[in-house]
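**Q** Build me a model:
(chains A and B)
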Amino acid sequence: MTAYRLALVGAPNCGKSTLFNGLTGGRAKVANYPGVTVETRSGRFRTPQGREVELIDLPGIYGLTPRSMDERVAVDVLAGGAPGVKPPDMLLVLIDAAHMRTHLHSVLQLRALGRPMIVALNMIDLAKRDGLELDLRKLEDRLGVPVVTSQAPRKAGRAALIARLDRVLAEQPAPPAKESVRSIRELQQEARAIARDIIVSEPIMNRATRAIDRIVLHPLAGPAVLLALLFFIFQAVFSWSAGPMDAIDGAAVMLGDWLASLLPEGWFQDLIVNGVIAGVGSVVIFLPQILILFAFILLLEASGYMARAAFLMDELMRKVGLDGRAFIPLLSSFACAIPGIMSARVIESERDRLTTIMIAPLMTCSARLPVYTLIIAAFIPPQSIGPFNLQGVVMFGLYIAGVVSAVTAAFVLKRTLTKGRPQPLIMELPTYKLPDARDVLIGLATRAGAFLKRAGTIILGTAIVLWFLASYPASASGLRETFAGRIGALLEPVLAPIGFNLEIAIALIPGMAAREVAVGALGTVYAVQGVDDSVEGLAAVLQNAWSLPTALAFLAWYVFAPQCFATLATIRRETNSWRWTGFAFAYLMGLAYVGAGIVYHLSRALMGS
Amino acid sequence: MRLNQLAKNQIAQIAAVSGDDAGMEAKLREIGFAEGDEVEIVHLGPIGGKPICVRLNQTLIALRAEEAAAVAVAPRS
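**A** Take a look at the predicted model:
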């Protein structure tokens, strides 16, 4: 039996995802629309009378004038103009009951499409608590389509909706007449007239929201709260993830050892153990940090705080040419640029989205930390300057260098390649809600899956290629004689002016897989045993092999260099453009080269050598 | 008088919504701004009072001065 296709439509924050998760149990198929990177979820459920329904979760829209890429897809699907996507059989239009007066006209706009529809006044419990009283029967009469109330998180709150859905599917009432396009102003007037008619008692602004906003949006307390939250999140991302990351590392080593004992010795064993397991493991190890960061982002989004953060950051972001909503992708990029670049989809303006994607790799992602830690341990003495430790100050400086260069890059890009009028900011600040635990867990699972799929498949291919380069020809005795070593030797004259020696040039080749791979690669080049267990041995070797200017230049290199294939592949996917991907690679490499060069020569001059 | 010129916490009624370009007006209207609705500036951003957050009926909406200027209001005395 083919399932009945029901599209879930509504404004952002009206509880669509909660309803979707509640009806389908969160079992969703995530698919890409042809030609664009907007993902949609669809899932199935069975009505009490046994009808199969396929529920399609569309991106939130306020009306039929799309603003972002996400919204354009939703509008195309509704209008039946999305290539390769069958139009839905019926619309389930969700509207936040508390904001009915403001949003009712969107129902009229959707009704004009002439598709069968059912309207659900969602979060009716909260609206009633705030004082809303309305005449539901009259509303249904005036709209001419079935109207129910719902309370998405609770099974009982969804019962009336699915019972009504069953009845509508059984009766198949005539769809609303397709209307000629009316101006939105006319639709608003009609909607306001209906609202006047059916609302018996108007709700008041949610008290809790007003009280929280008095602090959270206060010109002084607001930024302080935001800063404290960010500090707490970063603290948690790094301290809570240590245990799970060690566990993943341990599991990868164990799996490698186990497979090594299982498989006959030879190239295949080497490929699986040192290529595939080690390569994929080097990316999967960041999953705990990404999960913790995303858990916080999902909680902040579900609670309604994220829009407030965007409000507080807007003017600051605007000074560099971005808008407040770029804040979330850039924040994510501190854990890993891949989910950061993917979440730039929420940005309305294509130019702003591109700018955000271009600068996201400059945020200090956690893959840089092993490199920074190694070099700092080897070359920066742990002496204190004032109340601070010099090593900590250098680490902090590297973070700041990333942020400052990102801001500068955005500033330059917005005045050159991505020039354009600033995108308007018109953003609803939702009523605060306690996040639904199931929604957060489902969201987390979806994003973790997307990261693993994206990073896993890309890194698998890259790991195999780089393993080959670093292991062959078979006659090679040591990394220097392999293809990677030879490519490094070719690069050495180019890198010599910025203070890099042959060993660094060689290590940068396998280091293209992911930044932290450079640590292991340096260990291999300098033939240090057991680098994976402790970097102390390698640090000691580097102290003798490198001058301080070389070490500092290496740090500067890693502030900028796009030494991460997975990020580049994600940029390619999200921009759907080789030119932008090439540009990102070229400009970041250029910055790395120039930055490392300046640091090298400046520090040599200062040291008088 | 324009919405961006309203004093904080001064309740007003929307007199007209008309952006310089049609896109702006459509966006403002789709999110809910309509003639006759009640608005009030309830929060100002931390840097130079930008952007602003208004209460439109029972809904909070953040916007910048440029967008707010497209909304004409009549303060309620």
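
**Q** for chain B, what spans make up the strands?
**A** Here chain B has its strands, by DSSP state E, at B:12-17, B:38-47, B:50-56, B:59-63, B:71-75.

**Q** Buried deepest among those strands, which one?
**A** Using mean count of other C-beta atoms under 10 Å in any protein chain shown, the stretch among the strands of chain B with the largest mean neighbour count is strand B:59-63, at a mean of 25. Heads up, the C-betas are built off the backbone N, CA and C, glycines and all.

**Q** picking that back up, export the strands of chain B as a markdown table, with columns for distance to A:I375 and mean pLDDT.
**A** As requested, those are arranged in a markdown table below (distance: least, C-beta to C-beta, whole Å; pLDDT from 0 to 100):
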| stretch | distance to A:I375 | mean pLDDT |
| --- | --- | --- |
| strand B:12-17 | 57 | 96 |
| strand B:38-47 | 37 | 95 |
| strand B:50-56 | 41 | 95 |
| strand B:59-63 | 43 | 95 |
| strand B:71-75 | 55 | 96 |
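
**Q** Does chain A have contacts with the lengthiest helix in chain B?
**A** Identified as the longest helix of chain B according to DSSP state H is helix B:22-31. Yes: judged by C-beta under 8 Å from any C-beta of the partner chain, helix B:22-31 comes into contact with chain A through B:23-24, B:26-31.

**Q** Indicate the residue of the stretch 251-400 of chain A located nearest to chain B.
**A** Scanning the stretch 251-400 of chain A for the residue nearest chain B gives A:E315, at 4.1 Å (criterion: C-beta to the nearest C-beta).

**Q** Spell out which parts of chain B neighbour chain A.
**A** Proximity of chain B to chain A (C-beta under 8 Å from any C-beta) is limited to residues B:17, B:23-24, B:26-32, B:34-37, B:42-51, B:53, B:55-64, B:66-67.

**Q** Just the closest of the residues of helix B:22-31 next to chain A to A:V85, please.
**A** Lowest distance from A:V85 to those (C-beta to C-beta) belongs to B:E30, with 23.0 Å.

**Q** Contacts only, for the closest residue to that closest one other than its chain neighbours.
**A** Closest residue to B:E30 apart from its sequence neighbours, by C-beta to C-beta, 6 or more residues apart in numbering or on different chains: A:G63 at 3.5 Å. Counting by C-beta atoms under 8 Å, 6 or more residues apart in numbering or on different chains, A:G63 makes contact with A:105-106, A:109, A:184, B:26, B:29-30.

**Q** Could you export the residues you listed as JSON lines, including distance to A:M395?
**A** Below are the contacts of A:G63 laid out as JSON lines (distance: C-beta to C-beta, whole Å):
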{"residue": "A:H105", "distance to A:M395": "53"}
{"residue": "A:S106", "distance to A:M395": "49"}
{"residue": "A:Q109", "distance to A:M395": "53"}
{"residue": "A:I184", "distance to A:M395": "53"}
{"residue": "B:A26", "distance to A:M395": "48"}
{"residue": "B:R29", "distance to A:M395": "50"}
{"residue": "B:E30", "distance to A:M395": "46"}
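
**Q** Can you say which of those are buried?
**A** Neighbour counting over the contacts of A:G63 (16 or more other C-beta atoms under 10 Å in any protein chain shown) leaves A:105-106, A:109, A:184, B:26, B:29-30 as the buried ones.

**Q** hmm, back to that, make JSON lines out of the strands of chain B and add distance to A:F451.
**A** Converted to JSON lines, those look like this (distance: least, C-beta to C-beta, whole Å):
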{"stretch": "strand B:12-17", "distance to A:F451": "42"}
{"stretch": "strand B:38-47", "distance to A:F451": "33"}
{"stretch": "strand B:50-56", "distance to A:F451": "32"}
{"stretch": "strand B:59-63", "distance to A:F451": "30"}
{"stretch": "strand B:71-75", "distance to A:F451": "42"}
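
**Q** hang on, the earlier thing: next, give phi and psi for the residue nearest to B:E30.
**A** Reported as degrees, to the nearest 10, the phi and psi values for A:G63 are phi -170, psi -160.

**Q** quick one: contacts of stretch A:396-411?
**A** The list of residues contacting stretch A:396-411 from outside it, by C-beta under 8 Å, 6+ apart, reads A:320-322, A:330, A:355-356, A:358-360, A:362-364, A:368, A:372, A:555-556, A:559-560, A:587, A:591, A:595.

**Q** Which members of those residues are positioned in helices?
**A** Judged by DSSP H, helices contain the following of the contacts of stretch A:396-411: A:330, A:355-356, A:358-359, A:372, A:555-556, A:559-560, A:587, A:591, A:595.

**Q** What number of residues are in the vicinity of A:A545?
**A** 17 (other C-beta atoms under 10 Å in any protein chain shown).
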